[in-house]
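Visitor: This is the structure alone, sequence omitted:
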Ligand SMILES: NC(=O)c1ccc[n+]([C@@H]2O[C@H](COP(=O)([O-])OP(=O)(O)OC[C@H]3O[C@@H](n4cnc5c(N)ncnc54)[C@H](O)[C@@H]3O)[C@@H](O)[C@H]2O)c1
Ligand SMILES: O=C(O)[C@H](O)COP(=O)(O)O
């Protein structure tokens, strides 16, 4: 790290702490009073007017103290509260305050009575804290402030900093316009608008640099920090209208997230993916080798769905890109839809409904059956197939299943040794096989002919699994009594016009790939996948990655963590460890997982490292990706 002759001037309220201390004090002192909410709102309003320079600071202070109705004893409680409200990235970077203690000042228009005890824990002594002081009456009530203090006056920070006459480059870090004015007046050299707790337009627009957290400030200044790369610099692109919670979860963790409502074409994605670290998609976006080659910064692809065949998993692995999905979140939604469709098909409900929409009353029991006692054939007894088995039995259906893998029967379900056995016995066949390309036209003319006459077919798996022209013929001839189709060999990227040969056929339920599209499923996915992404980005965990060696790791305290992804060739670990030994690195933990193509090694070391070691590790032959976490 480069140490330059600089002085760092921090604001206190909404910068070192997440809150405005006087607002918190007001919340406390007005507790239980009937007009509390109005008074607190009034105090906040006055605070903001002062911060943005709309009224003079002295005026703002006078007005607030009058409204506060506070006592000396309240200040201890306030300090206890403020201790819990230190800004997250400030608390995470105590090391900076320890190491640069002599160069750090606090200039605040708040009050020393509560600032001193808080910043003392960050190694900033009272004589480097410049702030106001309260006036108390003889009973200890706060009745005013020291009016002779420059910080009680309009733009007092300018005068305060001028009087300090600090050497070297002076950098101011604060959330308000009243911090910026020190830079405007030419006394400070740089102003960092600190937006971790509050984003004030006026301050941000004038800043030399906007720092969404202390990590960014430390990164820009090449100072010691808790994480090597600020999270706000990690760009996440979420396509295909993933649930808004995903945006919230990832933004809250500090990442820069962009949401796009639809899928992108390959050409669009090739452009858009440049500089992106995390790409979130659903089933429509094709992550091809061309996209992966253009993705110069890509670390992770999150599939916010079950299927992952839209991603070239092998190529992603070779590029060191880890892929996660949500294998369970939408399974229940698909199962419920299948149950509904079984009943709708066996009662011919859609045909009757369409007739009535067209003005035709047709009360009849022809071709309408209960599902109780009927045979359901489930093809693909995985996460969805098994749940469907249990629910269908609860409705009184007899369940048969067929799977290429050896799967244990749930309940009274009966296993079929061949697909033909299953097809020949089922009144309804429901397809739940995976998205393996080998399953193309899995149900074609031959298989349809093996089905019972008038049986029903449901496909909620993948469109290419069913030979559509063969199905259309069978529906027209009556060989198949009805079908429910949710997935198609080609599906549009965006909502709008769509054509299929299945349109207009009786007793055919057509849905636009919505098996997993429920609020519950999408909400669950929006927490499941971001958690996997954050675990990987923040600690290197690859548990449940679909294309990568899995490693589960604890978050290390007081250690630095290096992540190294390499081609799995003999001797590479020895080479990595030679480099670490050469730079005298003490390894406190090392974890390796490999598959036939790549090796993923995580090394924890217990002391500061020199940048040369990073260069040397990056240069180890066969390195695919190297990343320092903290
Ligand atoms: N319509 C939707 O919105 C929607 C939603 C979720 C999942 N899906 C799709 O549903 C399908 C099933 O999902 P899942 O989570 O149950 O998957 P899963 O991987 O848990 O189960 C799939 C099962 O199919 C079996 N299988 C694969 N090929 C087979 C074959 N040729 N013959 C017999 N069995 C075979 C596998 O052995 C496995 O047991 C997937 O294709 C998935 O993409 C669709
Ligand atoms: O793979 C899946 O989970 C389903 O096909 C649902 O995909 P979707 O998220 O694009 O609806």
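Guide: Done, it's in. Small disclaimer: the values here were computed from a predicted structure and weren't measured. Residues are numbered from 1 along each chain as shown. Ligands and ions are numbered 1, 2, ... in the order given.
Visitor: residues in contact with stretch 216-223?
Guide: Stretch 216-223 is contacted by residues 1-2, 4, 6, 93, 96, 100, 171, 173, 192, 194, 209, 211, 224-225, 229-230, 232-233 when judged by CB atoms under 8 Å, 6 or more residues apart in numbering. Just so you know, the C-beta spots here come from the backbone N, C-alpha and C atoms, and that holds for glycine as well.
Visitor: How far off centre is the longest helix anywhere in the chain?
Guide: Ranked by residue count, the top helix of the chain under DSSP state H comes out as helix 519-539. Relative to its parent chain, helix 519-539 has a centroid offset of 6 Å by CA atoms, centre = their mean, to the nearest Å.
Visitor: what's the following helix or strand after that helix?
Guide: Next helix or strand after helix 519-539 toward the C-terminus (DSSP states H and E): strand 560-567.
Visitor: Near ligand 2, which residues of the protein are found?
Guide: Contacts of the chain with ligand 2, taken as CB under 6 Å from any ligand atom, map to 282-284, 305-307, 330, 513, 516-517.
Visitor: Return the residues in contact with the residue in the stretch 301-450 of the chain positioned nearest to ligand 1.
Guide: Of all residues in the stretch 301-450 of the chain, residue 382 sits closest to ligand 1, at 1.8 Å by CB to the nearest ligand atom. Each residue near residue 382 by CB under 8 Å, 6+ apart is listed here: 403, 407, 432-434.
Visitor: tell me which residues in the longest helix of the chain are buried?
Guide: Within helix 519-539, the residues that count as buried by 16 or more other CB atoms under 10 Å are 521-522, 524-526, 528-539.
Visitor: so which two of the residues of the chain next to ligand 2 are the farthest from each other?
Guide: Within the residues of the chain next to ligand 2, two members stand farthest from each other by CB to CB: 284 and 330, at 14.9 Å.
Visitor: Just want to know which of those two has more residues nearby.
Guide: Neighbours per residue (other CB atoms under 10 Å) separate residue 284 from residue 330, with residue 330 holding more: 23 against 17.
Visitor: Give me the nearest residue to the more buried one, chain neighbours excluded.
Guide: Spatial nearest neighbour of residue 330, chain neighbours left out: residue 516 (3.0 Å); criterion: CB to CB, 6 or more residues apart in numbering.
Visitor: That neighbour contacts residue 334, doesn't it?
Guide: Yes - Residue 516 lies in contact with residue 334 (CB atoms under 8 Å); the separation is 5.8 Å.
Visitor: Now do the contacts for residue 12.
Guide: Neighbouring residues of residue 12 by CB under 8 Å, 6+ apart: 21, 106, 108, 110, 115, 118-119, 131.
Visitor: can you put these in CSV and add pLDDT and secondary structure?
Guide: Shown next, in CSV, are those (pLDDT from 0 to 100; DSSP: H, G, I helix; E, B strand; the rest coil):
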residue, pLDDT, secondary structure
21, 95, helix
106, 98, strand
108, 97, strand
110, 94, strand
115, 98, helix
118, 97, helix
119, 97, helix
131, 97, strand
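Visitor: just the residues you listed that are near ligand 1?
Guide: When the contacts of residue 12 are filtered against ligand 1 using CB under 6 Å from any ligand atom, no residues are retained.
Visitor: Show me which residues of the stretch 351-500 of the chain sit near ligand 1.
Guide: So the stretch 351-500 of the chain meets ligand 1 at 379-385, 402-405, 432-436, 439, 442, 460-462, 486-487 (CB under 6 Å from any ligand atom).
Visitor: could you flag which of these are buried?
Guide: 379-385, 402-403, 432-435, 439, 442, 460-462, 486-487.
Visitor: Which residues are in contact with the closest residue to ligand 1 within the stretch 151-300 of the chain?
Guide: Per CB to the nearest ligand atom, residue 283 is where the stretch 151-300 of the chain lies closest to ligand 1, at 7.2 Å. When contacts are counted by CB under 8 Å, 6+ apart, residue 283 touches 240, 303, 305, 307, 310, 513.
Visitor: can you do 6 Å?
Guide: 305, 307 (CB atoms under 6 Å, 6 or more residues apart in numbering).
Visitor: The one 5 residues further on now?
Guide: By CB under 6 Å, 6+ apart, the residues touching residue 288 are 266, 312.
Visitor: One more: residue 342?
Guide: 371, 428.
Visitor: ok so, going back, give me the number of residues near the residue nearest to residue 330?
Guide: Neighbourhood size, residue 516 [other CB under 10 Å]: 25.
Visitor: and it, how far is that from residue 304?
Guide: According to CB to CB, to the nearest Å, residue 516 stands 10 Å off from residue 304.
Visitor: what residues does this structure put near ligand 1?
Guide: For the chain, the contact set with ligand 1 under CB under 6 Å from any ligand atom comprises 306-307, 330-331, 334, 379-385, 402-405, 432-436, 439, 442, 460-462, 486-487, 513, 515-516.
Visitor: which residues of the protein score low on pLDDT?
Guide: Where the chain drops to pLDDT under 70, the residues are 1-4, 51, 555-557.
Visitor: Tell me which residue lies nearest the centroid of it.
Guide: Centroid check for the chain by CA atoms, centre = their mean gives residue 250 as the closest residue, at 2.9 Å.
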